[in-house]
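Participant: Task: produce atomic coordinates for the following.
(one chain, ligands or ions: 2)
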Amino acid sequence: MATAIIPGVTELLVPIPNNPLENTNVYLLRGDDGYLLIDTGWNSDYALRALGKELGDAGAEYKDIKQIVVTHAHFDHYGLVGRLKQLTKAKVYLHQRDEEIFRTRYAITEEFMRQSEAWFYANGVPRTELSVTRMPFGGMSAGGLPPQPDITLNGGETISTGIFNLEVVWTPGHSPGSICLYERKHKLLFSGDHILPVITPNISLVPKSEGNPLGEFLKSLELVRGLDVSTVLPAHENIFHDLPKRIDEILHHHEFRNQEILAALADGAKTAYEISNHITWMPELGGVHFRDLMPGDKRAAVSETLAHLRAMTVNGRVKVNMRNNMYYYERV
Ligand SMILES: [Zn+2]
Ligand SMILES: [Zn+2]
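Facilitator: Ligands and ions are numbered 1, 2, ... in the order given. Now for the predicted structure:
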């Protein structure tokens, strides 16, 4: 059901098939000449039909959409870009760091799969479970890749509808090119997946990455804390108001997880897979043991553990050693 947030800003719900997040919240902003859309939805007939109906409820038509700004390249945000390009002729914006992963990682090669499996194996994932590391971006290639963006962003730009001015705030972490959009006059923050009210966004180390996504994410939290915001409009779950409180909760969640990892290392060095066994997963849902996770979720969990281990390695709280071609982490 399309919901007016303030005059000229409407939230549209686009369902994500078979996903506990249920919907992508797409935002429709009025302009002098047509509309701007923030995010799109998962690439499916069902999602497109729902989006079409929501647009109709909001009094808009596809042909009125002039700009589409995508907060990051994940498929529940970027997926419908291809079909919407055909229906709207809108210009599509995406941060350049996500355009890079879009080109290098969405087109999954056998070589990438092999490297990815070897990397998970070196991080302790047993051979019997390695097949679950296949298709890490499950289903993304279905129906072909969506088109590349028309305009790539660096952060710091202002995208205007003539009525609303969206400042692009680069908030890497959940993905390298995640952005938030800040509407200063109305104190609105379109937070993408960077900040959600209940679920803590997944921060993962990707195979063979040299980066520190959790370290970047924590810096990105501090970046948005400095903005004067009265309403946060996230890409999933509900709109909320107290941004500093939510930032503190997320920081607490990550430090709690660091403490779980350090406790797991109290009796000696372990692989990321072994450490993952000592972590409370999905604490928002009351906590799930690693062994009870679905195979795909186990792989995601190991990637999240590795993001924490990388951040703590950079901080000097843990160190990593290679033994028998396996990575072992220990306390410093
Ligand atoms: Zn995402
Ligand atoms: Zn998402």
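Participant: what's the burial count for Leu227?
Facilitator: Residues contacting Leu227 under the criterion other C-beta atoms under 10 Å number 14. C-betas here are computed from N, CA, C, even on glycine.
Participant: What sits closest to it if chain neighbours are left out?
Facilitator: Tyr182 (5.6 Å; C-beta to C-beta, 6 or more residues apart in numbering).
Participant: Mind listing the residues bridging to that neighbour?
Facilitator: Beta-bridge partners recorded for Tyr182 (DSSP bridges): Glu167, Leu189.
Participant: if I pick it, what's in contact with it?
Facilitator: By C-beta atoms under 8 Å, 6 or more residues apart in numbering, the residues touching Tyr182 are Leu166, Glu167, Val169, Leu188, Leu189, Phe190, Val224, Leu227, Val229.
Participant: run the last query once more with 6 Å
Facilitator: Neighbouring residues of Tyr182 by C-beta atoms under 6 Å, 6 or more residues apart in numbering: Glu167, Val169, Leu189, Leu227.
Participant: how about the last one, secondary structure?
Facilitator: Secondary structure, DSSP: H, G, I helix; E, B strand; the rest coil: Leu227 is coil.
Participant: how near is the residue of the stretch 101-250 of the chain found nearest ligand 2 to Asn202?
Facilitator: The nearest approach of the stretch 101-250 of the chain to ligand 2 comes at Asp193, 4.3 Å away (C-beta to the ion). When distance is defined by C-beta to C-beta, to the nearest Å, Asp193 is 8 Å away from Asn202.
Participant: Write out the residues of the stretch 1-150 of the chain neighbouring ligand 2.
Facilitator: Taking C-beta under 5 Å from the ion as the criterion, the neighbours of ligand 2 within the stretch 1-150 of the chain are Asp76.
Participant: Tell me which of Asp193 and Asn202 has more neighbours.
Facilitator: Comparing Asp193 with Asn202 by neighbour count (other C-beta under 10 Å), the higher total belongs to Asp193, at 25 against 16.
Participant: per-residue pLDDT, that one?
Facilitator: The model reports Asp193 with a pLDDT of 98.
Participant: which residues touch it?
Facilitator: Asp193 sits next to His174, Pro201, Ala235 when contact means C-beta under 6 Å, 6+ apart.
Participant: Go again with 10 Å.
Facilitator: Going by C-beta atoms under 10 Å, 6 or more residues apart in numbering, Asp193 touches 21, 24, 39, 71-72, 74, 76-77, 171, 173-175, 178, 180, 199, 201-202, 234-236.
Participant: residues shared between the contacts of Asp193 and Asn202?
Facilitator: Between them, Asp193 and Asn202 share these contacting residues under C-beta under 10 Å, 6+ apart: His74, Gly173, His174, Ser175.
Participant: Spatially, which two of the residues you listed are the most separated?
Facilitator: Put simply, by C-beta to C-beta the two of the shared contacts of Asp193 and Asn202 set farthest apart are His74 and Gly173, 12.8 Å from each other.
Participant: where do the contact lists of those two overlap?
Facilitator: Both His74 and Gly173 are in contact with Asp193, Asn202, where contact means C-beta under 10 Å, 6+ apart.
Participant: picking that back up, tell me the one of the shared contacts of Asp193 and Asn202 nearest Tyr35?
Facilitator: When the shared contacts of Asp193 and Asn202 are compared for distance to Tyr35 (C-beta to C-beta), His74 comes out closest, at 22.7 Å.
Participant: For Thr40, see how far away the closest one is.
Facilitator: Taking C-beta to C-beta as the measure, His74 falls 11 Å from Thr40.
Participant: Now Pro234: phi and psi?
Facilitator: phi -80, psi 170 (degrees, to the nearest 10).
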